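# Starting from these lines, generate the structure:
(chains A, B, C and D)
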There are 4 protein chains.
Amino acid sequence: MRVGVVGATGYAGAELVRILSGHPQVELSILTSRQFAGVKFDRVYPAMAGCVSMTCEGLDIEKVCDRAEIVFLALPHQLPMTLVPQFLARKVRVVDLSADFRFSEASVYEAAYQAHAAKDLLHQAVYGLSEIYVEAIQSAVLIGNPGCYPTSTLLPLIPLVRENLLDLDTLIVDSKSGVSGAGRSLAITSHYCQVNESFKAYKIANHRHNPEMNAILSREAGRPVELTFVPHLVPMSRGMLTTIYATPIRKLHAADIRSCLTNAYSDHVFIRLCSGGQSPDTLHVKGTNFCDIGFQLDKSSNRLILISAIDNLVKGAAGQAVQNMNIMLGLDEAVGLRNIPYPL
Amino acid sequence: MRVGVVGATGYAGAELVRILSGHPQVELSILTSRQFAGVKFDRVYPAMAGCVSMTCEGLDIEKVCDRAEIVFLALPHQLPMTLVPQFLARKVRVVDLSADFRFSEASVYEAAYQAHAAKDLLHQAVYGLSEIYVEAIQSAVLIGNPGCYPTSTLLPLIPLVRENLLDLDTLIVDSKSGVSGAGRSLAITSHYCQVNESFKAYKIANHRHNPEMNAILSREAGRPVELTFVPHLVPMSRGMLTTIYATPIRKLHAADIRSCLTNAYSDHVFIRLCSGGQSPDTLHVKGTNFCDIGFQLDKSSNRLILISAIDNLVKGAAGQAVQNMNIMLGLDEAVGLRNIPYPL
Amino acid sequence: MRVGVVGATGYAGAELVRILSGHPQVELSILTSRQFAGVKFDRVYPAMAGCVSMTCEGLDIEKVCDRAEIVFLALPHQLPMTLVPQFLARKVRVVDLSADFRFSEASVYEAAYQAHAAKDLLHQAVYGLSEIYVEAIQSAVLIGNPGCYPTSTLLPLIPLVRENLLDLDTLIVDSKSGVSGAGRSLAITSHYCQVNESFKAYKIANHRHNPEMNAILSREAGRPVELTFVPHLVPMSRGMLTTIYATPIRKLHAADIRSCLTNAYSDHVFIRLCSGGQSPDTLHVKGTNFCDIGFQLDKSSNRLILISAIDNLVKGAAGQAVQNMNIMLGLDEAVGLRNIPYPL
Amino acid sequence: MRVGVVGATGYAGAELVRILSGHPQVELSILTSRQFAGVKFDRVYPAMAGCVSMTCEGLDIEKVCDRAEIVFLALPHQLPMTLVPQFLARKVRVVDLSADFRFSEASVYEAAYQAHAAKDLLHQAVYGLSEIYVEAIQSAVLIGNPGCYPTSTLLPLIPLVRENLLDLDTLIVDSKSGVSGAGRSLAITSHYCQVNESFKAYKIANHRHNPEMNAILSREAGRPVELTFVPHLVPMSRGMLTTIYATPIRKLHAADIRSCLTNAYSDHVFIRLCSGGQSPDTLHVKGTNFCDIGFQLDKSSNRLILISAIDNLVKGAAGQAVQNMNIMLGLDEAVGLRNIPYPL
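Down below sits the predicted model:
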């Protein structure tokens, strides 16, 4: 099975290259990059010298389709919607890491982003939250790979929502992301001296991942859900921690929560439920596809606090994308993603 | 006016030394340190060479009282309760940075900490949230200087609580602190390699600053308030950002919030209300006594999001302590605290 | 005395604004910025809200000259050479932070930079290494403010060179700088994720500050000096540490070195000679105008190791520029620069 | 082949656990830890949850020898010298990461450390600089694994010394290390707030790795070599960059250097020679066993500048130790060490 990466030199793209280069069941056969067409990949990422010997190419759909059966798109939104129809027409399956195919209703996408040029494909696209939508992913030809914030929020929440344990009007999501989430593009907000020793919220209750989470939760709950979402920027390269507040609809014990999450995820190696007294930490998932989940019941206020930690570039982007490919190909979901974590 | 610092070599103590050394209206006359008695202060903090020439001394109450009219205690809790009676008996006023004199009811303190050995002084102690309790501070002989988390939480909340704008059963406080908040003591949790590239919550719904906030808010509201509080650790030395979620009791507009906060703080130079579109950032308050406050109304969920940023060692500890001293002495609250912030 | 800053929104410019805003003997009367003309300074640097209320203006020479008697230029090289003649013609004194007026010989400048458009002014310009060239600075109308690397290198070296203690053919300078030295402009090399957890050399034996150091040392030594210079980038915002290796021309003892440096700098408050056993650390000079100097004799190899630490934006740029202004104005060199250092 | 790690919970030990857990040709069969005996390894390093399920044990030589044919010692120096004789007596081969068996002459060790209790084993021990001493390692029963600074210094230098290209009296080594090099033990020098935004030299010309480098270079050169060595601490977790200055004994061209290094290392996958215009960066080797080498000739001063980058915990400790084990076992030196680097 040959795979390609379109947009290989952004951070998510480069992480795809890292994972796919070491994947034992697929062959990474083509990389494209607009900015670095004609440049060896290891000139852009010298870390890869001796490990990845490919050269970036300009994007030529025919060529990509000749050389790959599955293609990953790691591009800014709005570009994929014009490319995906061409890939699908040539029977090349697509995992799209942008937002273009994450929404089943075009109107929701268009309210948050802009006009959609391939609305007719939305019903074909499967939202690639791997552990949750395994079956749909197995038969998908087009995956809308989830955003990093939605991944970190939905994985702890959905099992509890499915068991109807939470008052859906009380959901508050306070997320914190490392800087790589903003990508490799130059912006004053990613300048070292602006980020270092700085901690701040941004796009307060106004981030585009908010409607994405609302849409999935509404579908799961069978009723409209509007959560409050505030993302923050942490002075570190990788990692995302999400703290979720929710009021249970009835008196719950820790064992109820644990049991619900264990039932949902016991067959899924990448979800690690923290044992009592431990708390998720981005350091523990750095460079891995794990999503660590912990929780605490605040008795005095009768609130449940859920906490998740992921690596925003792995489980929040490239790792989950490869996990989805594995599922699509009928492989073990963890193939190529089992690197042992670093102790620090 | 001569002042002393007891516990001068911890981080809050050293910050007191920094501020008081440059204070134009007081003379820093004695420093004590158990660990570094007999050692020049600038051997412990070489940054201070050429600026602070004092030597740390062991703690001798008589000597301190001979040499200072006001004393700052920057010690772990439980020690001040044994020292404060001796200082007050000698007519030396005290600003205590520990938790020992922050609670008016001993039982609340004892539930969160341990037995209190000077309960009879609690009614004399004034909670030193400078902008809020100016009048009581003016005539105080003993200040219980607020914790860093309570400072960052109460300053944005109290004006709104006083105007009865918020449903007090909905308060959620998600705070993020730099590492200096844990002090200079050695612990694996402050080891560089455990903190760097790490973000995590700790003492979830179980931090001792939670009852401190509850107590003050309950007093302000005239009814019991139990907020949910989750602190997090940020890989940076200084700074604290607090994100507060609350549901208004009636339909509010941004102008209502702004007007309430402006009314409360227009006479107080250290409270800066962010203008629309800007958001507090710990980088903007680093090394200063400012508390920056921003807010956003999330219309879809009808929630108010309040955000504050302080330097945990300045407004969250030493700076507010000096501000309290200024008020006690009848000086402008800002004397000695007006250093121009660094652009980065 | 009114002063202006041309190029106020770069990092060195903003640092000038910080220092000059708090300077008790001058009035900061005009700020210019090409990129932010018409924008309030505290919108660009929100840290300054409540402290600096000025608005950036476009550059109009007449206006600047009407409103200031001294002007600081914090611009990229090549621009100042066209502006300085106009300022001088209007009797406005200039402290130029670029390289344009650091060289007495145009040919040396032109070899390292580009053609010089105001060669005739080079003989008037004084190299503003404050402690070394006090007398010339006192009567200067045009200061070429030294580069950060040259400042950190020349301050420890010049006294030893003047006493002819070192073999000038053996000088090796290994410098390490924080990221702010590269300025506020956007570049992939200042992207947080490229700098964080990265340490590297750059412009190896090819940095433009090398000829600047060679020129000054050659002048001091009365013979050509060519040192080897390798700059490195440290993952931190501020600070510069320079490690210098030199072989003494005769057997030296630590006391000889100490005595030489003490003689040179005992009257200069911003040079701090580390006592035995202590070593310069950028943390100790952060935000200050200090240059800390330490040294060690390596007996087995008969080499002297000199180490200096400065804040690249203060002593390495804006602080030294203000120090030079102080000297030009006949003030104490330290006025406005005596802020007490932070303990961390 | 079963292997054990003695001292598994320090940073080098944990890194050994990471690498050996994923090694396809050996079975990690026992972990010991004095501090954490009886504790599951993934409680100490929660990153490893789901990946390493072993429990740390107290050190019992018999038990270790029953369960492992090769043992890695990741202990402070002075302990291994008492343990190694017991392991060897039981035919268990040892890779010792401490300094105890790095020196062939006891007197040199004793001058830098303390009395040696197993001098008679020194002649059996092989200095495990993998690419340099392959043959001796193949037949070794006891490896003295090199220090991190010596590894980063000797790999670029030895080929040039062997070809007699350098004046050995001119060697200067300026090294910079991340904080993990100081280990997991608590010390104020590893406290986050002392390291963050700090850069400094330490143990100037007085570090114990200096005699280690001198000893190896002297052996290679066949004459005494005394280099000048200054280590520095960088605010990052992992990584080491070493900048070496040396005067060639004759006029050299870049092609001569490149050819010498290429000849030495073309068969060794972990040595990457940077192509022209690129410079080693610790970020490019983070988490890998690579040693990147670059160089520059400074024509004006006739000096060669060599630069190397390694991950101090991998090529500088655990990775090289496993590489040595691979060589001892007749495996490809890279087995278990070929993880694709992270792009950031």
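
# before we move on, what SS does residue A:4 have?
Secondary structure state of residue A:4, per DSSP: H, G, I helix; E, B strand; the rest coil, is strand.

# who's in contact with it?
With contact taken as C-beta atoms under 8 Å, 6 or more residues apart in numbering or on different chains, residue A:4 is in contact with A:28, A:29, A:30, A:31, A:32, A:64, A:67, A:68, A:70, A:71, A:72. Backbone N, C-alpha and C define where each C-beta goes, glycine included.

# what does residue A:39 give?
The neighbourhood of residue A:39, defined by C-beta under 8 Å, 6+ apart, consists of A:33, A:55, A:56.

# can you rerun that using 10 Å?
With contacts defined as C-beta atoms under 10 Å, 6 or more residues apart in numbering or on different chains, the neighbours of residue A:39 are A:9, A:33, A:55, A:56, A:57.

# ditto for residue A:339
The contact partners of residue A:339, by C-beta under 10 Å, 6+ apart, come to A:18-19, A:22, A:287-289, A:314, A:319, D:18, D:22, D:51, D:287, D:339-340, D:342.

# one step back: what's the closest of the contacts of residue A:39 to chain C?
The shortest distance between chain C and any of the contacts of residue A:39, using C-beta to the nearest C-beta, involves residue A:9 and amounts to 11.1 Å.

# was I right about the closest one contacting residue A:32?
Yes: using C-beta atoms under 10 Å, residue A:9 is in contact with residue A:32, at 9.0 Å.

# Show me whatever sits in contact with both of these two.
The contact lists of residue A:9 and residue A:32 share A:56, A:74, where a contact means C-beta under 10 Å, 6+ apart.

# Could I have the PyMOL command that selects the buried members from the contacts of residue A:39?
This is the PyMOL syntax for the buried subset of the contacts of residue A:39, where burial follows 16 or more other C-beta atoms under 10 Å in any protein chain shown:
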select buried, chain A and resi 9+33+55+56+57
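
# out of the contacts of residue A:39, who's nearest residue C:158?
Taking C-beta to C-beta as the measure, residue C:158 lies nearest residue A:9 of the contacts of residue A:39, at 46.6 Å.

# ok so, going back, okay, and which of the contacts of residue A:339 map to helices?
For the contacts of residue A:339, membership in helices holds for A:18, A:19, A:319, D:18, with DSSP state H as the criterion.

# who wins for neighbours among the residues you listed?
Going through the ones in helices among the contacts of residue A:339 with other C-beta atoms under 10 Å in any protein chain shown as the criterion, the one with the most neighbours is residue A:319, at 30 neighbours.

# Once you drop chain neighbours, what's closest to that residue?
Residue nearest to residue A:319 in three dimensions, not counting chain neighbours: residue A:289, with 3.7 Å by C-beta to C-beta, 6 or more residues apart in numbering or on different chains.

# who touches that neighbour in this structure?
Contacts were defined as C-beta under 10 Å, 6+ apart; by that measure residue A:289 touches A:19, A:130, A:269-270, A:310-311, A:314-316, A:318-320, A:322-323, A:333-334, A:336-339.

# Do a quick rundown of the helices in the stretch 151-300 of chain A.
In the stretch 151-300 of chain A, the helices defined using DSSP state H, counting those that start in this stretch lie at A:192-195, A:209-221, A:254-265, A:282-285.

# how many other residues sit next to residue A:40?
Residue A:40 is surrounded by 18 other residues when neighbours are defined as other C-beta under 10 Å.

# What of the one 10 residues further on?
The burial count assigned to residue A:50 is 17, neighbours taken as other C-beta under 10 Å.

# Not counting sequence-adjacent ones, nearest residue to it?
Nearest residue to residue A:50 in three dimensions, chain neighbours excluded: residue D:272, at 5.5 Å (C-beta to C-beta, 6+ apart).

# Go ahead and confirm the one you found touches residue D:281.
No: using C-beta under 10 Å, residue D:272 is not in contact with residue D:281; the gap is 11.5 Å.
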